[in-house]
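Okay, sequence plus prediction incoming.
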Amino acid sequence: MQLYGAFNSCENTVFREKSCITGQPTNVSVPHLPLCLSLLRSKTATLTDHRIRLMNEVVSGIRIIKMYAWEKPFSALVDEVRRKEISKIMSSSYLRGLNMASFFSASKVILFITFTVHVLLGNTISASRVFVTVSLYSAVRLTVTLFFPAAVEKLSESLVSIRRIKTFLLLDEIVKHNPTLPETKTKESSVEIQDLVCYWDKSLDAPTLQRVSLTVKPGQLLAVIGPVGAGKSSLLSAILGELLPDKGVIKVHGELTYASQQPWVFPGTIRSNILFGKEMQKQKYERVLRACALKRDMELLPQGDLTIIGDRGATLSGGQKARVSLARTVYQDADVYLLDDPLSAVDAEVGRHLFEQCICGILKKSPRILVTHQLQYLEAADQILVLKEGHMVAKGTFLELQKSGLDFTSLLKSEEEDELTSALDTSQDSTLRSARSRTISQNSSRSQTSSMQSFQDISDSLPAEQVQTVAEESRSDGTIGIRLYLKYLIAGANILLLLGIILLNILAQVSYILQDWWLAYWAAKQAELNVADTINGSISHINTTQELDLTFYLSIYAGLTGATLLFGFMRSLIMFNVLVRAAQTLHNRMFNSILRTPVRFFDVNPIGRVLNRFSKDIGQLDSMLPWTFVDFIQVFLQIIGVIAVAASVIPWILIPVIPLLIAFIFLRRYFLQTSRDVKRLESTTRSPVFSHLSSSLQGLWTIRAFKAAERFQLAFDAHQDLHSGAWFLFLTTSRWFAVRLDGICAIFVTITAFGSLLIQNNTEAGSVGLALSYAVTLMGMFQWGVRQSAEVENMMTSVERVVEYTELENEAPWETEKRPPPSWPSKGQITFDQVNFSYYPDGPVVLKNMTATFRPKEKVGIVGRTGAGKSSLISALFRLAEPKGKIVVDSLQISELGLHDLRQKMSIIPQDPVLFTGTMRKNLDPFSQHSDQDLWSALEEVQLKAVVEELPGRLETVLAESGSNFSLGQRQLVCLARAILRRNRILIIDEATANVDHKTDELIQRTIREKFRECTVLTIAHRLNTIIDSDRILVMNAGQIHECDTPYTLLQNPESMFFKMVQQTGKAEAAYLLQTAKQAHLNKSQTSLSAPEGPNADGTLIIFETAL
């Protein structure tokens, strides 16, 4: 409407012909740029999502990435996605630059075309025509060349966002069949399943569960066992309603509650995690704490159960998270309890306490379904369900299964008989192959724990000082310093280029002003000729334009217009290029800083807080800040030009301008003091939104099982409302400022107008017109420019937050001048000499004066209660924090080596196996150091070759996020294949078999014995049978070595701590462990008598660590 009004006024009141229409195509063409921007925005959004997903994986798996020394390949992976993203952003920025330059020069081009056509048609120009036209075009310039294209762009981006939201909302939803039935007259809770058939993905031939039937009545305990991928967790999912039945019937009488396999806790206090929305009942609460072995932990914590749990439970050990999750389940007072392997995360003593006091204690009157690999507890179960490949192999009591002829005990002691080993190979291969068909897709969108990174146990009876605190997100205050602007600009350009940009800005603004001044000068000269031709009060209208040198005036006018276009477009495009490059540089610096910072940073900072920097803040640097920054510079220079022109015509106008400027500076400072902090508050309140969403997605099944979805939605709404409130405050402060700026502008225009009237006899009409035209233009431009200046400073808080993360504390260098020989370590001898270790400066010492030597080829099992310092020993060896004292590996002190030189020479199979988005090849060999034959050989040795061969792209198949399309056991085997490929002399196994069945455990242990006979292997496990045949057992307690000897020798001493640990496993298991230790002792004695001594006898150290 404004555009139509301007052209209509121009045509009817100024020129009275169609010459003004010739300039319309210039304005009409401008709004088409945002349509191209929307297409680029859609492509950019996809790449941004990909980058954020990668960042989520990196942050979640940072501990493993550091231990594998995989920072460089992950940096390359993120850089590749970022380069694609930044190329789209750069294209978008260039289009924005064209749009911005159009705002600057479009009205000048229109005026040039209009006046050129006008004079070429034989007409004259006058001051009235010139400056009315300039004023009309200037009035619509902001709308047509800036606001309208911006509106089209935002509308297009909104449509892209709406389409993305629509796509998400139209995804398949879980149609809860709600197996819970109304209360019966008898009010007895139970679970009944008849001929259940379920599919995670119907495109796969084999169903996940096939014809499963069971009944669990009040007071009964059903134990579900089976190998990896057998469908145990899927059975619980079906009962929960997460996995819909294809055939069969599920009937649940009563309320359900559920404890997940990998424990889920959410940010908040320990008490809030246990209560989970229920009212606090002191006696009941204390009873649950005792049953779940949490009482002593709460007593030793500094704030008891009010201690804050960090994101992903970072402040708790793995055992504590498992017990908190179990306590939450028990406290709910449900009717039916579904327990997915809660005993694997704790040691034997605590596991027995949980089984006796909790599962068979306070829950004994309720129906319980327990998935477990702890077969020593099966005899206490009322029923046992054996699953294999989704089939129900057997069902009955412990005695019934023994009498049925089923080789039931082989699941417990498969290593006793050699013939079972060969059977294991065949069954394991077929199990994994069929497991793949069931699990390859089932968890890709449903897995609740795929991205969770468990932390090593600190202590089941955690000392108070060992609990980490969650750091509050830092928020700067005060003004944005000039140093921050310099850091931002220098990140995108060098000093010479910045000086060139300043020169371009000056030239662009000078040519802009000179073009209007030249029109005024031309109109003044034409007026002088018209006055000279006035005779006797009448004007003789001859074609006076011909008396002027039209070619000269048009050439100068054309040259100035061309200069305005050239400098304007060059300035915008170069500035956008520099600012987007600055965003790229700062992103890369922040990512590199994240990769190089110690793991302590991730323990105390939630994922949402880190991702907030990489999503919202980097998004500001990518798009909004460059546009706002360039716009502010451009408008600011035009404001300076307006004031300069007005002052040149009416010099005394500077007198009222000075107090107005003082008022403006005061208002701006007053405004920024509030808006800047409100903007920082808005950025800070956004992090809890991300953290809550991330945490909720990780615990989605638990939330649904507890029927807490509405409560979590309300909590999300509360976080979102807090953020929206901060954002609304930010918007209202801008409106407050705008109203006051309008007042200042109105005063300035009024002074200019009345000042022109007062001195009309001494001033040319053209100059007065130019001054008034600019002053009117100033009305909209001044408010917009000052608002943009405030926006720039507010958006610089994002730069401030990004720069903060670029300056994080760094680990030791990845490489140093002292490089170890390529063959190091050749023996694998490790010596600890007076080693003290803590995870952060001034933190509690978790390893105290540790002195030990592990000889080459020695197999050492390290055991101890949770928190005894076993995992800390591994952290010290990998230098996840810098230990004090000396750790020497094959005569080289590790503190003198680069971290990559050290970590690449050690392999680890983690407790929580981590796979990353990317091909199977990259997950096995990110540095491309091995041939396809090596990769296939490693996969074959861990019984995964058949599984990978069935994948669509085989080694080139892209895995889902966190490898969630593989089962937990399969992911463990992939990690074992990685270790085989690395062929290092030192291997660490960090409780790698805690969540797998005994046959898979046996496969892993047998492969380790065969493939790593010459290597150093450190294993942290809860199963004593994995370390009972070690050369020596090292028992740790409170960060110190308590005892150390051969397993058989320690078991001969009833006072030894190791003997007591073995007794905690039960009489049958203890007798078996004693027999195994004795046999291993005899075998090694015979071997040592026949083995040659000398230099060829050296080899690799193997340390097995078991948490008890």
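That came in fine, so what should we check first? Numbering: from 1, shown residues only.

Who are the packing partners of the helix or strand hosting His1081?
Using DSSP states H and E, His1081 sits within helix 1067-1090. Helices and strands touching helix 1067-1090, by 3 or more CB pairs under 8 Å, 6 or more residues apart in numbering; DSSP states H and E, are helix 1047-1051, helix 1057-1063. C-beta: built from backbone N, CA, C; applies to glycine.

Buried residues, that helix. List them.
Glu1069, Ala1070, Tyr1072, Leu1073, Leu1074, Thr1076, Ala1077, Ala1080, His1081, Lys1084 (16 or more other CB atoms under 10 Å).

Export those to CSV and append columns for distance to Lys818 and pLDDT.
Below are the buried residues of helix 1067-1090 laid out as CSV (distance: CB to CB, whole Å; pLDDT from 0 to 100):
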residue, distance to Lys818, pLDDT
Glu1069, 48, 79
Ala1070, 49, 85
Tyr1072, 48, 84
Leu1073, 44, 87
Leu1074, 47, 88
Thr1076, 44, 86
Ala1077, 42, 87
Ala1080, 40, 83
His1081, 42, 83
Lys1084, 38, 77
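
May I ask which two of these are separated the most?
Spatially, the most separated pair among these is Glu1069 and Lys1084, at 22.2 Å (CB to CB).

The one helix or strand Leu401 maps to - contacts with which helices or strands?
Element membership for Leu401 (DSSP H and E) is helix 398-403. With contacts taken as 3+ CB pairs under 8 Å, 6+ apart, helix 398-403 sits against strand 383-388.

Pull up the pairing partners for the strand it packs on, direction included.
Under the criterion DSSP bridges, strand 383-388 sits next to strand 221-225 (parallel), strand 391-396 (antiparallel) in its sheet.

got the ones you listed as JSON lines, with mean pLDDT, mean neighbour count and distance to Leu1024 columns?
Converted to JSON lines, the strands paired with strand 383-388 look like this (pLDDT from 0 to 100; neighbours: other CB atoms under 10 Å; distance: least, CB to CB, whole Å):
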{"stretch": "strand 221-225", "mean pLDDT": "88", "mean neighbour count": "25", "distance to Leu1024": "19"}
{"stretch": "strand 391-396", "mean pLDDT": "84", "mean neighbour count": "18", "distance to Leu1024": "27"}
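
Output these as JSON lines; include the columns distance to Glu809.
Shown next, in JSON lines, are these (distance: least, CB to CB, whole Å):
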{"stretch": "strand 221-225", "distance to Glu809": "47"}
{"stretch": "strand 391-396", "distance to Glu809": "54"}
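
Of all those, which one comes closest to Arg740?
Closest to Arg740 of these, according to CB to CB: strand 221-225, at 70.4 Å.

can I have that closest one written out in PDB, keeping just the CAs?
The C-alpha coordinates for strand 221-225 follow below in PDB (Å, rounded to 0.1, in the frame of the first residue of the first chain):
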ATOM      1  CA  LEU A 221       8.700 -64.000  41.100                       C
ATOM      2  CA  LEU A 222       9.200 -64.800  37.400                       C
ATOM      3  CA  ALA A 223      12.900 -64.800  36.400                       C
ATOM      4  CA  VAL A 224      13.500 -64.300  32.600                       C
ATOM      5  CA  ILE A 225      16.800 -65.400  31.300                       C
END
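
Quick check: what element follows that strand along the chain?
Following strand 221-225 in sequence order, the next helix or strand is helix 232-240 (DSSP H and E).

Please save the CA atoms from that next one in PDB.
C-alpha atoms of helix 232-240 as PDB (Å, rounded to 0.1, in the frame of the first residue of the first chain):
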ATOM      1  CA  LYS A 232      13.900 -60.400  27.300                       C
ATOM      2  CA  SER A 233      13.600 -56.600  27.400                       C
ATOM      3  CA  SER A 234      11.100 -56.800  24.500                       C
ATOM      4  CA  LEU A 235       8.900 -59.000  26.700                       C
ATOM      5  CA  LEU A 236       8.800 -56.200  29.300                       C
ATOM      6  CA  SER A 237       8.200 -53.700  26.600                       C
ATOM      7  CA  ALA A 238       5.200 -55.600  25.400                       C
ATOM      8  CA  ILE A 239       3.800 -55.800  29.000                       C
ATOM      9  CA  LEU A 240       4.400 -52.000  29.300                       C
END
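
Touching it from outside, list them.
Contact partners of helix 232-240, identified using CB atoms under 8 Å, 6 or more residues apart in numbering, comprise 179, 191, 193, 196, 198, 200, 208-209, 212, 224-226, 243-245, 250, 252, 256, 258, 261, 338, 340-341, 369, 371, 387, 390, 438, 442, 701, 704-705.

That one to strand 383-388, inter-axis angle?
Orientation note: helix 232-240 sits at an angle of 120 degrees relative to strand 383-388 (axes from the mean of the first three to the mean of the last three CA atoms, to 10 degrees).

And the average pLDDT for helix 232-240 is what?
Averaging pLDDT along helix 232-240 yields 85.

which is the next helix or strand following it?
Next element after helix 232-240 (DSSP H and E): strand 245-253.

mind listing what Tyr285 touches?
For Tyr285, the contact set (CB under 8 Å, 6+ apart) comprises Ile274, Leu275, Tyr331.

what residues go with each domain of this protein?
Listed domain ranges for the chain are 2-171+482-527+548-806, 828-905+1014-1089+1099-1108, 908-983 (source: automatic domain parsing).

Tell me where the model's unsure across the stretch 951-1100 of the chain.
Low-confidence segments of the stretch 951-1100 of the chain, defined by pLDDT under 70: 961-965, 992-1000, 1087-1100.

What ranges does it have for its strands?
In the stretch 951-1100 of the chain, the strands defined using DSSP state E, counting those that start in this stretch lie at 958-959, 986-990, 1016-1021, 1032-1037, 1040-1045.
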